[in-house]
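J.: how would this look folded up:
(chains A and B)
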Amino acid sequence: QVQLQQWGAGLLKPSETLSLTCAVSGRSFRPSGYYWSWIRQSPGRGLEWIGEIDHRGNTIYNPSLKFRVTVSVDTSNNQFSLKLISVTAADTAVYYCARGEGLWEPSVYWGHGHLVTVSS
Amino acid sequence: EIVLTQSPGTLSLSPGERAALSCRASQTVSGKLAWYQQKPGQSPRLLIYAASSRAINIPDRFSGSGSGTEFTLTISGLEPEDFAVYYCQQYGSSPKTFGQGTKVEIK
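T.: I've put the predicted structure just below:
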C-alpha cells in the first residue's frame, strides 16, 4: 500500500516562499511511469492542480502558477517537493501531494493534506 | 483550459435512493474523466477513471458514464457512507481541472 506523508510550514507571511515535502513509503519511488502531483484546495478556488513530476525530473505545471512554482524530486530519499514563491492570501489552501499512474492519469493515492495559511 | 461544471450543487436524498450527478465540460474531454469522493477532513478518493472504469475496491453501486462533454456519476442505492462531496476531474489536457463539486446530503 502506497502512503504519502507530507510536511512543511503552515503559516507564512505575504511574499514568503511556501515549501512542502512529500515522502513516499510502501512502494519504491520507481519504476518509471508514475507522476507525483501537488494539488491544493481552498473554499474560494476549489480543487486546483498545481503540477507534477516524474522520477527523472520531468515536470508539467499549471500555466496560472508556472512562474512561481517549482516541483522537484529526490529519488534517493523517496521524496518530492513543492516550492511556491511570493505567496499571497490567495495561496491559503490545503495542499495535497498525490500519485498518478502516469502523466495523463488521475491521482490514485493522496497525502493527508497540509493547511498553509498566508497572513500578515 | 477546460472548465467543468457540476450540477446540481446539492442533492438531498434518502438512503437507498439513486443519485445521478452531472459533469459538463466546456470542450470535448478525451475520455479522461475521473470522479472523486471527499468526506469532511479527508483527502479525495478516486472512484471512477476513464469515465466509466471503477477504481480498485470501489463498490459496484458506483458507475460512470458519458463521453464528449457530458458525463454522469450514478450511485444506485445510497448507503450512509456515500453522503459526501463528489468532484469530477479531466486529466487529459493541461491544466488538469476539477469541477466545483456536488454535495450529496441526507434528506
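J.: Three-state assignment for A:Ala90, please.
T.: helix (DSSP: H, G, I helix; E, B strand; the rest coil).
J.: any idea how far B:Tyr86 is from A:Gly46?
T.: Separation of A:Gly46 from B:Tyr86 (CB to CB, to the nearest Å): 13 Å. Heads up, the C-betas are built off the backbone N, CA and C, glycines and all.
J.: Counting neighbours, go ahead and name the busier of the two.
T.: Comparing A:Gly46 with B:Tyr86 by other CB atoms under 10 Å in any protein chain shown, the one with more neighbours is B:Tyr86, at 25 against 16.
J.: residues making contact with the helix or strand containing the more buried one?
T.: Using DSSP states H and E, B:Tyr86 maps to strand B:85-90. For strand B:85-90, the external contacting residues (CB atoms under 8 Å, 6 or more residues apart in numbering or on different chains) are A:46-47, A:106, B:2, B:4, B:6, B:21, B:23, B:25, B:29, B:32-39, B:44, B:47, B:71, B:73, B:96-104.
J.: pLDDT averaged over that strand, what's the number?
T.: Taken as a whole, strand B:85-90 has a mean pLDDT of 98.
J.: Report whether the helix or strand following that strand contacts chain A.
T.: Using DSSP H and E, the helix or strand that directly follows strand B:85-90 along the chain is strand B:97-98. Yes: remark: strand B:97-98 sits within contact range of chain A at B:Thr97, B:Phe98, by CB under 8 Å from any CB of the partner chain.
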